[in-house]
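In: got a structure for you, letters missing:
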(Lines give C-alpha, C1' and ligand atoms only; values in the text may rest on other atoms or scores of the structure.)
Protein backbone atom coordinates (compact mmCIF):
# COMPACT_ATOMS: atom_id res chain seq x y z
CA UNK A 1 0.00 0.00 0.00
CA UNK A 2 1.36 3.40 -0.92
CA UNK A 3 1.66 6.07 1.69
CA UNK A 4 -1.10 8.21 0.23
CA UNK A 5 -3.56 5.30 0.22
CA UNK A 6 -3.19 4.75 3.94
CA UNK A 7 -3.85 8.41 4.58
CA UNK A 8 -7.30 8.13 3.01
CA UNK A 9 -8.36 5.30 5.36
CA UNK A 10 -9.71 7.82 7.86
CA UNK A 11 -9.70 10.96 5.73
CA UNK A 12 -8.38 14.27 7.08
CA UNK A 13 -11.13 16.14 8.90
CA UNK A 14 -11.69 19.88 8.87
CA UNK A 15 -10.14 21.91 11.65
CA UNK A 16 -13.61 22.82 12.92
CA UNK A 17 -14.80 19.21 13.20
CA UNK A 18 -11.54 18.22 14.90
CA UNK A 19 -11.93 21.01 17.45
CA UNK A 20 -15.56 20.09 18.16
CA UNK A 21 -14.76 16.38 18.59
CA UNK A 22 -11.70 17.02 20.75
CA UNK A 23 -13.48 19.54 22.97
CA UNK A 24 -16.47 17.24 23.38
CA UNK A 25 -14.16 14.39 24.41
CA UNK A 26 -12.33 16.70 26.83
CA UNK A 27 -15.53 17.99 28.44
CA UNK A 28 -16.94 14.48 28.85
CA UNK A 29 -13.65 13.36 30.41
CA UNK A 30 -13.71 16.32 32.81
CA UNK A 31 -17.26 15.48 33.88
CA UNK A 32 -16.31 11.84 34.36
CA UNK A 33 -13.26 12.83 36.43
CA UNK A 34 -15.46 14.89 38.75
CA UNK A 35 -18.00 12.06 39.11
CA UNK A 36 -15.26 9.49 39.69
CA UNK A 37 -13.88 11.15 42.82
CA UNK A 38 -16.83 10.45 45.17
CA UNK A 39 -17.21 6.96 43.67
CA UNK A 40 -13.57 6.09 44.31
CA UNK A 41 -13.72 7.59 47.79
CA UNK A 42 -16.67 5.35 48.56
CA UNK A 43 -15.02 2.27 47.04
CA UNK A 44 -11.55 2.73 48.55
CA UNK A 45 -11.91 4.87 51.63
CA UNK A 46 -9.88 7.99 52.32
CA UNK A 47 -6.53 6.26 52.90
CA UNK A 48 -6.55 4.05 49.80
CA UNK A 49 -7.99 6.86 47.68
CA UNK A 50 -5.03 9.01 48.66
CA UNK A 51 -2.68 6.19 47.67
CA UNK A 52 -4.50 5.77 44.34
CA UNK A 53 -4.39 9.50 43.60
CA UNK A 54 -0.66 9.53 44.35
CA UNK A 55 0.02 6.49 42.15
CA UNK A 56 -1.86 7.91 39.17
CA UNK A 57 -0.49 11.45 39.50
CA UNK A 58 2.74 10.58 37.68
CA UNK A 59 1.18 8.84 34.67
CA UNK A 60 1.19 12.01 32.55
CA UNK A 61 4.99 12.26 32.86
CA UNK A 62 5.49 8.94 31.03
CA UNK A 63 4.87 10.73 27.73
CA UNK A 64 8.16 12.59 28.29
CA UNK A 65 9.97 9.27 27.80
CA UNK A 66 9.23 9.45 24.07
CA UNK A 67 12.27 11.78 23.84
CA UNK A 68 10.17 14.31 21.95
CA UNK A 69 10.13 12.18 18.79
CA UNK A 70 6.32 12.14 18.80
CA UNK A 71 6.16 15.84 17.90
CA UNK A 72 8.83 15.36 15.24
CA UNK A 73 6.82 12.50 13.74
CA UNK A 74 3.65 14.57 13.89
CA UNK A 75 5.21 17.23 11.67
CA UNK A 76 6.50 14.59 9.27
CA UNK A 77 3.07 12.98 8.90
CA UNK A 78 1.37 16.35 8.40
CA UNK A 79 3.88 17.15 5.63
CA UNK A 80 3.99 13.71 3.98
CA UNK A 81 3.45 13.27 0.25
CA UNK A 82 1.93 10.25 -1.57
CA UNK A 83 4.46 7.72 -2.76
CA UNK A 84 7.21 8.87 -0.40
CA UNK A 85 8.25 6.34 2.25
CA UNK A 86 10.61 8.44 4.40
CA UNK A 87 7.83 8.92 6.97
CA UNK A 88 7.40 5.15 7.18
CA UNK A 89 11.14 4.74 7.79
CA UNK A 90 11.03 7.44 10.45
CA UNK A 91 8.04 5.83 12.15
CA UNK A 92 9.60 2.36 12.27
CA UNK A 93 12.90 3.77 13.52
CA UNK A 94 11.20 5.76 16.28
CA UNK A 95 9.04 2.74 17.18
CA UNK A 96 12.10 0.56 17.68
CA UNK A 97 13.93 3.32 19.57
CA UNK A 98 11.03 3.65 22.02
CA UNK A 99 10.87 -0.14 22.37
CA UNK A 100 14.40 0.00 23.74
CA UNK A 101 13.63 3.00 25.95
CA UNK A 102 10.48 1.33 27.28
CA UNK A 103 12.18 -1.97 28.09
CA UNK A 104 15.17 -0.28 29.76
CA UNK A 105 12.92 2.01 31.79
CA UNK A 106 10.74 -0.95 32.83
CA UNK A 107 13.82 -2.86 34.04
CA UNK A 108 14.97 0.16 36.06
CA UNK A 109 11.46 0.56 37.49
CA UNK A 110 11.30 -3.09 38.61
CA UNK A 111 14.62 -2.74 40.44
CA UNK A 112 13.83 0.67 41.97
CA UNK A 113 10.29 -0.16 43.15
CA UNK A 114 11.36 -2.25 46.20
CA UNK A 115 13.66 0.56 47.32
CA UNK A 116 10.69 2.94 47.60
CA UNK A 117 9.35 0.94 50.57
CA UNK A 118 5.72 1.32 49.57
CA UNK A 119 3.00 -0.60 51.45
CA UNK A 120 2.43 -4.08 49.90
CA UNK A 121 -0.88 -3.13 48.23
CA UNK A 122 0.50 0.11 46.81
CA UNK A 123 3.70 -1.57 45.61
CA UNK A 124 1.78 -4.26 43.71
CA UNK A 125 -0.61 -1.67 42.29
CA UNK A 126 2.31 0.46 41.11
CA UNK A 127 3.79 -2.58 39.36
CA UNK A 128 0.50 -3.49 37.66
CA UNK A 129 -0.09 0.14 36.70
CA UNK A 130 3.28 1.34 35.43
CA UNK A 131 4.90 -1.77 33.98
CA UNK A 132 2.39 -2.05 31.08
CA UNK A 133 2.62 1.71 30.48
CA UNK A 134 6.40 1.55 30.14
CA UNK A 135 6.44 -1.54 27.94
CA UNK A 136 3.77 -0.01 25.68
CA UNK A 137 5.69 3.27 25.34
CA UNK A 138 6.23 2.92 21.54
CA UNK A 139 2.47 2.68 20.98
CA UNK A 140 2.19 6.35 22.01
CA UNK A 141 3.37 7.17 18.48
CA UNK A 142 -0.06 6.19 17.20
CA UNK A 143 -1.58 9.36 18.66
CA UNK A 144 1.07 11.52 17.00
CA UNK A 145 0.35 9.94 13.63
CA UNK A 146 -3.37 10.68 13.92
CA UNK A 147 -2.63 14.26 14.99
CA UNK A 148 -0.34 14.72 12.01
CA UNK A 149 -2.96 13.17 9.72
CA UNK A 150 -5.39 15.90 10.83
CA UNK A 151 -7.57 13.47 12.75
CA UNK A 152 -7.04 15.12 16.13
CA UNK A 153 -10.70 14.75 17.03
CA UNK A 154 -10.61 10.99 16.50
CA UNK A 155 -7.35 10.80 18.44
CA UNK A 156 -8.89 12.70 21.37
CA UNK A 157 -11.86 10.33 21.48
CA UNK A 158 -9.61 7.27 21.39
CA UNK A 159 -7.35 8.76 24.07
CA UNK A 160 -10.38 9.38 26.30
CA UNK A 161 -11.80 5.92 25.68
CA UNK A 162 -9.80 4.25 28.46
CA UNK A 163 -11.00 6.81 31.03
CA UNK A 164 -14.61 6.29 29.94
CA UNK A 165 -14.30 2.52 30.21
CA UNK A 166 -12.66 2.80 33.62
CA UNK A 167 -15.51 5.03 34.78
CA UNK A 168 -17.97 2.37 33.63
CA UNK A 169 -15.98 -0.21 35.61
CA UNK A 170 -16.04 1.76 38.87
CA UNK A 171 -19.72 2.62 38.32
CA UNK A 172 -20.43 -1.12 38.07
CA UNK A 173 -18.45 -1.75 41.26
CA UNK A 174 -20.39 1.01 43.00
CA UNK A 175 -23.71 -0.48 41.87
CA UNK A 176 -22.66 -3.88 43.19
CA UNK A 177 -21.31 -2.35 46.43
CA UNK A 178 -17.94 -3.99 45.80
CA UNK A 179 -14.72 -2.74 47.38
CA UNK A 180 -11.75 -3.54 45.10
CA UNK A 181 -8.14 -3.54 46.18
CA UNK A 182 -5.62 -1.14 44.67
CA UNK A 183 -4.02 -3.91 42.52
CA UNK A 184 -7.45 -4.76 41.05
CA UNK A 185 -8.08 -1.11 40.16
CA UNK A 186 -4.58 -0.80 38.70
CA UNK A 187 -5.10 -3.91 36.56
CA UNK A 188 -8.43 -2.61 35.27
CA UNK A 189 -7.00 0.84 34.50
CA UNK A 190 -3.97 -0.62 32.68
CA UNK A 191 -6.21 -3.00 30.68
CA UNK A 192 -8.48 -0.21 29.44
CA UNK A 193 -5.45 1.97 28.71
CA UNK A 194 -3.87 -0.84 26.69
CA UNK A 195 -7.06 -1.33 24.67
CA UNK A 196 -7.29 2.36 23.74
CA UNK A 197 -3.59 2.54 22.92
CA UNK A 198 -3.67 -0.56 20.71
CA UNK A 199 -6.74 0.67 18.84
CA UNK A 200 -5.09 4.03 18.18
CA UNK A 201 -1.88 2.36 17.04
CA UNK A 202 -3.65 -0.02 14.64
CA UNK A 203 -5.46 2.90 13.00
CA UNK A 204 -2.14 4.78 12.78
CA UNK A 205 -0.55 1.85 10.93
CA UNK A 206 -3.38 2.00 8.39
CA UNK A 207 -2.88 5.74 8.01
CA UNK A 208 0.77 5.15 7.13
CA UNK A 209 0.01 2.09 5.01
CA UNK A 210 2.37 0.00 7.12
CA UNK A 211 2.00 -3.78 7.47
CA UNK A 212 2.59 -4.88 11.07
CA UNK A 213 5.51 -7.18 10.22
CA UNK A 214 7.57 -4.17 9.06
CA UNK A 215 7.87 -3.12 12.71
CA UNK A 216 10.00 -6.20 13.35
CA UNK A 217 12.44 -5.38 10.55
CA UNK A 218 15.44 -3.80 12.24
CA UNK A 219 15.84 -0.27 10.93
CA UNK A 220 16.81 1.73 13.99
CA UNK A 221 20.17 2.65 12.51
CA UNK A 222 18.43 3.97 9.38
CA UNK A 223 16.61 6.56 11.45
CA UNK A 224 17.38 10.08 10.15
CA UNK A 225 19.52 11.69 12.81
CA UNK A 226 18.12 15.13 12.04
CA UNK A 227 14.61 13.94 12.94
CA UNK A 228 15.89 12.57 16.26
CA UNK A 229 17.62 15.89 16.91
CA UNK A 230 14.36 17.75 16.32
CA UNK A 231 12.64 15.34 18.69
CA UNK A 232 15.19 15.99 21.44
CA UNK A 233 14.74 19.73 20.96
CA UNK A 234 11.00 19.29 21.42
CA UNK A 235 11.69 17.32 24.61
CA UNK A 236 13.88 20.09 26.06
CA UNK A 237 11.20 22.63 25.15
CA UNK A 238 8.52 20.56 26.91
CA UNK A 239 10.68 20.24 30.02
CA UNK A 240 11.48 23.96 30.17
CA UNK A 241 7.80 24.86 29.85
CA UNK A 242 6.86 22.27 32.48
CA UNK A 243 9.41 23.62 34.95
CA UNK A 244 8.48 27.28 34.38
CA UNK A 245 4.76 26.83 34.96
CA UNK A 246 5.17 24.26 37.76
CA UNK A 247 7.24 26.47 40.05
CA UNK A 248 4.16 28.21 41.44
CA UNK A 249 3.20 25.81 44.23
CA UNK A 250 6.81 25.47 45.39
CA UNK A 251 7.35 29.24 45.52
CA UNK A 252 4.08 29.89 47.35
CA UNK A 253 4.81 27.11 49.85
CA UNK A 254 8.37 28.30 50.49
CA UNK A 255 7.58 31.99 50.98
CA UNK A 256 3.90 32.18 51.97
CA UNK A 257 3.03 28.85 53.64
CA UNK A 258 0.85 25.79 53.08
CA UNK A 259 -2.50 27.55 53.49
CA UNK A 260 -1.64 29.97 50.69
CA UNK A 261 -0.67 27.01 48.48
CA UNK A 262 -4.24 25.71 48.78
CA UNK A 263 -5.61 29.08 47.64
CA UNK A 264 -3.14 29.39 44.78
CA UNK A 265 -3.57 25.80 43.61
CA UNK A 266 -7.37 25.93 43.43
CA UNK A 267 -7.36 29.35 41.73
CA UNK A 268 -4.81 28.12 39.20
CA UNK A 269 -6.81 24.95 38.49
CA UNK A 270 -9.89 26.95 37.48
CA UNK A 271 -8.01 28.80 34.76
CA UNK A 272 -6.06 25.71 33.70
CA UNK A 273 -9.38 24.09 32.77
CA UNK A 274 -10.06 26.98 30.39
CA UNK A 275 -6.50 26.90 29.04
CA UNK A 276 -6.72 23.15 28.40
CA UNK A 277 -9.72 23.76 26.12
CA UNK A 278 -7.87 26.53 24.30
CA UNK A 279 -4.82 24.33 23.72
CA UNK A 280 -7.08 21.90 21.86
CA UNK A 281 -7.48 24.59 19.20
CA UNK A 282 -3.72 25.11 19.13
CA UNK A 283 -3.12 21.37 18.80
CA UNK A 284 -5.53 21.04 15.88
CA UNK A 285 -4.04 24.02 14.06
CA UNK A 286 -0.48 22.71 14.54
CA UNK A 287 -1.07 19.98 11.96
CA UNK A 288 -2.90 22.39 9.65
CA UNK A 289 0.07 24.77 9.76
CA UNK A 290 2.58 21.95 9.11
CA UNK A 291 0.57 20.86 6.07
CA UNK A 292 0.34 24.44 4.75
CA UNK A 293 4.05 24.87 5.32
CA UNK A 294 4.89 21.73 3.33
CA UNK A 295 2.74 22.96 0.44
CA UNK A 296 4.21 26.51 0.61
CA UNK A 297 0.69 27.93 1.03
CA UNK A 298 1.58 31.37 2.38
CA UNK A 299 -1.95 32.76 1.95
CA UNK A 300 -3.40 29.86 3.95
CA UNK A 301 -0.76 30.39 6.64
CA UNK A 302 -1.70 34.07 6.90
CA UNK A 303 -5.38 33.19 7.24
CA UNK A 304 -4.57 30.67 9.95
CA UNK A 305 -2.53 33.25 11.86
CA UNK A 306 -5.38 35.77 11.73
CA UNK A 307 -7.90 33.15 12.88
CA UNK A 308 -5.71 32.18 15.82
CA UNK A 309 -5.25 35.83 16.83
CA UNK A 310 -9.03 36.28 16.79
CA UNK A 311 -9.58 33.13 18.88
CA UNK A 312 -6.85 34.19 21.34
CA UNK A 313 -8.46 37.63 21.66
CA UNK A 314 -11.92 36.19 22.37
CA UNK A 315 -10.43 33.69 24.83
CA UNK A 316 -8.50 36.43 26.65
CA UNK A 317 -11.52 38.72 26.95
CA UNK A 318 -13.66 35.87 28.31
CA UNK A 319 -10.97 34.89 30.85
CA UNK A 320 -10.41 38.43 32.13
CA UNK A 321 -14.14 39.17 32.26
CA UNK A 322 -14.81 35.83 33.95
CA UNK A 323 -12.09 36.50 36.51
CA UNK A 324 -14.51 38.79 38.34
CA UNK A 325 -16.84 35.85 39.00
CA UNK A 326 -14.14 33.30 39.87
CA UNK A 327 -13.86 34.25 43.60
CA UNK A 328 -17.58 33.53 44.07
CA UNK A 329 -17.24 30.30 42.08
CA UNK A 330 -14.35 29.08 44.25
CA UNK A 331 -16.21 30.03 47.43
CA UNK A 332 -19.23 28.00 46.27
CA UNK A 333 -17.09 25.09 45.00
CA UNK A 334 -15.13 24.76 48.26
CA UNK A 335 -18.13 25.45 50.52
CA UNK A 336 -16.50 28.62 51.81
CA UNK A 337 -13.25 26.94 52.85
CA UNK A 338 -11.14 28.75 50.23
CA UNK A 339 -11.36 32.43 49.36
CA UNK A 340 -9.52 34.48 46.74
CA UNK A 341 -9.64 38.15 45.81
CA UNK A 342 -10.56 39.63 42.43
CA UNK A 343 -7.00 40.98 42.12
CA UNK A 344 -5.56 37.47 42.56
CA UNK A 345 -8.07 36.09 40.07
CA UNK A 346 -7.27 38.76 37.47
CA UNK A 347 -3.52 38.11 37.85
CA UNK A 348 -4.00 34.47 36.80
CA UNK A 349 -6.45 35.46 34.05
CA UNK A 350 -3.87 37.92 32.72
CA UNK A 351 -1.22 35.20 32.64
CA UNK A 352 -3.53 32.84 30.77
CA UNK A 353 -4.39 35.62 28.29
CA UNK A 354 -0.71 36.32 27.57
CA UNK A 355 -0.06 32.58 27.24
CA UNK A 356 -2.85 32.27 24.68
CA UNK A 357 -1.17 34.82 22.39
CA UNK A 358 2.27 33.30 23.04
CA UNK A 359 0.93 29.91 21.93
CA UNK A 360 -0.13 31.40 18.59
CA UNK A 361 3.43 32.32 17.69
CA UNK A 362 4.85 29.19 19.30
CA UNK A 363 2.63 26.80 17.35
CA UNK A 364 3.90 28.29 14.08
CA UNK A 365 7.48 27.87 15.28
CA UNK A 366 6.73 24.27 16.30
CA UNK A 367 5.18 23.45 12.93
CA UNK A 368 8.19 25.01 11.18
CA UNK A 369 10.48 23.21 13.68
CA UNK A 370 12.15 26.40 14.91
CA UNK A 371 12.71 25.18 18.44
CA UNK A 372 16.06 26.47 19.70
CA UNK A 373 15.00 30.09 20.16
CA UNK A 374 12.02 28.93 22.23
CA UNK A 375 14.33 26.81 24.39
CA UNK A 376 16.62 29.78 25.07
CA UNK A 377 13.65 31.97 25.99
CA UNK A 378 12.29 29.24 28.26
CA UNK A 379 15.59 28.77 30.10
CA UNK A 380 15.98 32.53 30.57
CA UNK A 381 12.45 32.74 31.98
CA UNK A 382 13.12 29.90 34.43
CA UNK A 383 16.28 31.64 35.66
CA UNK A 384 14.36 34.87 36.32
CA UNK A 385 11.15 33.33 37.72
CA UNK A 386 12.33 32.75 41.29
CA UNK A 387 14.03 36.12 41.96
CA UNK A 388 11.19 38.07 40.34
CA UNK A 389 8.53 36.18 42.33
CA UNK A 390 10.46 36.70 45.58
CA UNK A 391 10.76 40.42 44.80
CA UNK A 392 7.01 40.78 44.22
CA UNK A 393 6.18 38.70 47.31
CA UNK A 394 8.34 41.13 49.27
CA UNK A 395 6.20 43.97 47.89
CA UNK A 396 3.14 42.38 49.49
CA UNK A 397 1.40 40.99 46.39
CA UNK A 398 0.86 37.59 48.02
CA UNK A 399 -0.09 34.66 45.78
CA UNK A 400 -0.66 37.09 42.88
CA UNK A 401 3.15 37.48 42.77
CA UNK A 402 3.64 34.12 41.06
CA UNK A 403 1.21 34.48 38.13
CA UNK A 404 2.18 38.13 37.70
CA UNK A 405 5.87 37.16 37.50
CA UNK A 406 5.07 34.44 34.96
CA UNK A 407 2.99 36.97 33.00
CA UNK A 408 5.88 39.43 32.80
CA UNK A 409 8.32 36.69 31.81
CA UNK A 410 5.95 35.39 29.11
CA UNK A 411 5.48 38.82 27.49
CA UNK A 412 8.87 38.88 25.74
CA UNK A 413 8.60 35.29 24.38
CA UNK A 414 5.06 36.15 23.23
CA UNK A 415 6.32 39.13 21.21
CA UNK A 416 9.36 37.31 19.81
CA UNK A 417 7.42 34.16 18.84
CA UNK A 418 4.72 36.14 17.07
CA UNK A 419 7.25 38.22 15.14
CA UNK A 420 8.94 34.94 14.22
CA UNK A 421 5.61 33.53 12.98
CA UNK A 422 5.08 36.53 10.71
CA UNK A 423 8.64 36.19 9.39
CA UNK A 424 8.16 32.48 8.69
CA UNK A 425 5.04 33.25 6.65
CA UNK A 426 6.91 35.92 4.68
CA UNK A 427 9.74 33.48 3.94
CA UNK A 428 7.18 30.92 2.77
CA UNK A 429 5.67 33.53 0.45
CA UNK A 430 9.11 34.24 -1.02
CA UNK A 431 9.67 30.51 -1.60
CA UNK A 432 6.29 30.24 -3.27
CA UNK A 433 7.07 33.13 -5.61
CA UNK A 434 10.50 31.68 -6.40
CA UNK A 435 8.94 28.31 -7.26
CA UNK A 436 6.49 29.98 -9.65
CA UNK A 437 9.16 32.12 -11.31
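Out: Arrived safely, thanks for sending. From a predicted model like this one, the values you see are computed outputs, not experimental measurements. Numbering: from 1, shown residues only.

In: average pLDDT across the helix or strand hosting residue 194?
Out: Using DSSP states H and E, the element containing residue 194 is helix 182-208. For helix 182-208, the mean pLDDT works out to 94.

In: repeat for stretch 53-73
Out: 86.

In: what sits up against that stretch?
Out: 87, 90-91, 94, 97-98, 101-102, 105, 122, 125-126, 129-130, 133-134, 137, 140-141, 143-145, 148, 182, 186, 189, 227-228, 230-239, 366, 369 (Cβ atoms under 8 Å, 6 or more residues apart in numbering). All C-beta atoms are positioned from the backbone trio N, CA, C, and that covers glycine.

In: may I see the buried residues of the helix holding residue 194?
Out: 182-190, 192-194, 196-197, 200-201, 203-208 (16 or more other Cβ atoms under 10 Å).

In: next SSE downstream of it?
Out: helix 225-244.

In: can you give the distance from that next one to the centre of its chain?
Out: Using Cα atoms, centre = their mean, to the nearest Å, the distance from the centre of helix 225-244 to the centre of the chain it belongs to is 13 Å.

In: and this structure, what are its domain boundaries?
Out: The chain breaks down into these domains under automatic domain parsing: 3-223, 245-436.

In: these: lowest mean pLDDT?
Out: With a mean of 86, domain 3-223 has the lowest mean pLDDT of the domains of the chain.

In: now do the contacts for residue 241.
Out: Shown in contact with residue 241 (Cβ under 8 Å, 6+ apart): residue 378.

In: all numbers from here: first residue = 4
Out: Right, with 4 as the first residue, what we last looked at is residue 244.

In: how close does it get to residue 372?
Out: Residue 244 is 17 Å from residue 372, where distance means Cβ to Cβ, to the nearest Å.

In: over to residue 295?
Out: Residue 295 sits 14 Å away from residue 372, going by Cβ to Cβ.

In: for residue 62, same thing?
Out: 28 Å.

In: of these two, who's got more company?
Out: When residue 62 and residue 372 are compared for neighbours, residue 372 comes out ahead with 20 against 13, by other Cβ atoms under 10 Å.

In: show me the contacts for the more buried one.
Out: Applying Cβ under 8 Å, 6+ apart, we find residue 372 in contact with 75, 78, 233, 236.

In: what's the farthest-apart pair in those residues?
Out: Farthest-apart pair in the contacts of residue 372 is 78 and 236; separation 11.7 Å (Cβ to Cβ).

In: who's more crowded, these two?
Out: residue 78 (27 against 19).

In: assign a three-state SS to the more buried one, would you?
Out: With DSSP: H, G, I helix; E, B strand; the rest coil as the basis, residue 78 sits in helix.

In: so where do the helices sit in the stretch 204-353 of the chain?
Out: Along the stretch 204-353 of the chain, counting by DSSP state H, counting those that start in this stretch, helices occupy 228-247, 250-259, 261-297, 301-325, 329-336, 345-370.

In: in the fifth one, what's buried?
Out: Read it as helix 329-336. So for helix 329-336, counting by 16+ other Cβ under 10 Å, buried means 329, 330, 333.

In: wait, the first one touches residue 348, no?
Out: Yes: contact between residue 329 and residue 348 holds when scored by Cβ atoms under 8 Å: they sit 4.3 Å apart.

In: now do the phi/psi pair for residue 337.
Out: Residue 337 adopts backbone torsions of phi -100, psi 10, taken as degrees, to the nearest 10.

In: quick one: residues contacting it.
Out: Contact partners of residue 337, counting by Cβ under 8 Å, 6+ apart, are residue 269.

In: which ones are touching residue 23?
Out: Counting by Cβ under 8 Å, 6+ apart, residue 23 has contacts residue 156.

In: show me how far the helix or strand containing it is from its chain's centre.
Out: In this assignment (DSSP H and E), residue 23 forms part of helix 18-59. Relative to its parent chain, helix 18-59 has a centroid offset of 16 Å by Cα atoms, centre = their mean.

In: ok, the nearest residue to residue 332 once chain neighbours are set aside to residue 334 distance?
Out: In space, and not counting its chain neighbours, residue 332 is closest to residue 273: 6.9 Å by Cβ to Cβ, 6 or more residues apart in numbering. Distance from residue 273 to residue 334, counting by Cβ to Cβ: 12 Å.

In: same check on residue 54?
Out: Counting by Cβ to Cβ, the gap from residue 54 to residue 334 is 30 Å.

In: next: residue 193.
Out: Going from residue 193 to residue 334 by Cβ to Cβ gives 39 Å.

In: so what secondary structure elements neighbour the host helix or strand of residue 103?
Out: Per DSSP H and E, residue 103 falls inside helix 89-115. Secondary-structure packing of helix 89-115 (3 or more Cβ pairs under 8 Å, 6 or more residues apart in numbering; DSSP states H and E): helix 72-82, helix 123-138, helix 144-151, helix 185-211, helix 228-247.

In: tabulate the ones you listed in a markdown table, adding columns for distance to residue 383.
Out: Below are those laid out as a markdown table (distance: least, Cβ to Cβ, whole Å):
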| stretch | distance to residue 383 |
| --- | --- |
| helix 72-82 | 22 |
| helix 123-138 | 34 |
| helix 144-151 | 29 |
| helix 185-211 | 37 |
| helix 228-247 | 10 |
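
In: can you tell which of these is closest to residue 269?
Out: Per Cβ to Cβ, nearest to residue 269 of the helices and strands packed on helix 89-115: helix 228-247, 20.4 Å.

In: what's the angle between the closest one and helix 89-115?
Out: Counting by axes from the mean of the first three to the mean of the last three Cα atoms, to 10 degrees, helix 228-247 lies at 50 degrees to helix 89-115.

In: follow-up on the earlier one: dump the helices of the stretch 204-353 of the chain to a markdown table, plus distance to residue 435.
Out: Formatted as a markdown table, the helices of the stretch 204-353 of the chain follow (distance: least, Cβ to Cβ, whole Å):
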| stretch | distance to residue 435 |
| --- | --- |
| helix 228-247 | 23 |
| helix 250-259 | 42 |
| helix 261-297 | 11 |
| helix 301-325 | 5 |
| helix 329-336 | 46 |
| helix 345-370 | 16 |
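
In: wait, which of those helices is closest to residue 45?
Out: Nearest of those (Cβ to Cβ): helix 329-336, 20.3 Å.

In: quick check, distance from that closest one to the centre of its chain.
Out: With Cα atoms, centre = their mean, you get 27 Å for helix 329-336.

In: and what of stretch 407-423?
Out: On Cα atoms, centre = their mean, the centre of stretch 407-423 falls 20 Å from that of its chain.

In: which of the residues in that stretch are buried?
Out: Buried, per 16+ other Cβ under 10 Å, within stretch 407-423: 407-413, 416-417, 419-421, 423.

In: need the contact partners of stretch 260-273.
Out: With Cβ under 8 Å, 6+ apart, stretch 260-273 has contacts from 251-252, 255-256, 329, 332-333, 336-337, 341-343, 347-348, 351, 401-402, 405-406.
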